[in-house]
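>>> I'd like to go over a predicted model; first the sequence, then the structure.
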Amino acid sequence: MKNETVTTNSIDLAFDSLNSCTAYIDHINTLIYRLIDEYQAGDSNKANQTFIEVIELLDLYVQLMTKIYSSLRFHFKDKLFKDDSVQNLEIHLLSVMKALLPAKEKGDVIMLCDLLEYELIDNLTQWKIKVIPELKKLK
């Protein structure tokens, strides 16, 4: 039996990861809709568990996109699209995440649901329809 080592360079890994991002966003959005339903139904135990899961997945998403974008920016210095979409969406995503925590601590379910439904889902959708396809074009 022969040992084969498969090596993937950082740019291939970045594009492979980028290809998974759309499904990842869909999964997060599905959890967000479930979270909104749990809050509206008054099921705080389930909502608390789902909230933690959503925040953890968002944190991982931000880390992943940061790594992908850094790798692409390094390899495609001249090709990378020049608009500020990535930076603006990332800043907005982080600000929404930051706003979720005080709303949760105060028990402000209306504010939480508004942030989740109108800010967070919209932001993630913008990544999916605008930034990810644009980054994929670099390949």
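The structure has been received and is ready for your questions. Numbering: from 1, shown residues only.
>>> Flag the shaky bits of the protein, pLDDT-wise.
1-8, 80-83 (pLDDT under 70).
>>> Please repeat the previous calculation with a cut-off of 80.
1-8, 77-85 (pLDDT under 80).
>>> and residue 12, what helix or strand is that in?
helix 10-40 (DSSP states H and E).
>>> That helix packs against which elements?
Helix 10-40 is packed against helix 44-75, helix 109-114, helix 121-126, helix 132-136, with contacts defined by 3 or more Cβ pairs under 8 Å, 6 or more residues apart in numbering; DSSP states H and E. Every residue, glycine included, has its C-beta placed from N, CA and C.
>>> buried sites along stretch 60-74?
61, 64, 65, 68, 69, 71, 72 (16 or more other Cβ atoms under 10 Å).
>>> Now render the residues you listed as JSON lines, adding distance to residue 98.
Putting these into JSON lines (distance: Cβ to Cβ, whole Å) gives the following:
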{"residue": "61", "distance to residue 98": "15"}
{"residue": "64", "distance to residue 98": "19"}
{"residue": "65", "distance to residue 98": "17"}
{"residue": "68", "distance to residue 98": "22"}
{"residue": "69", "distance to residue 98": "20"}
{"residue": "71", "distance to residue 98": "26"}
{"residue": "72", "distance to residue 98": "26"}
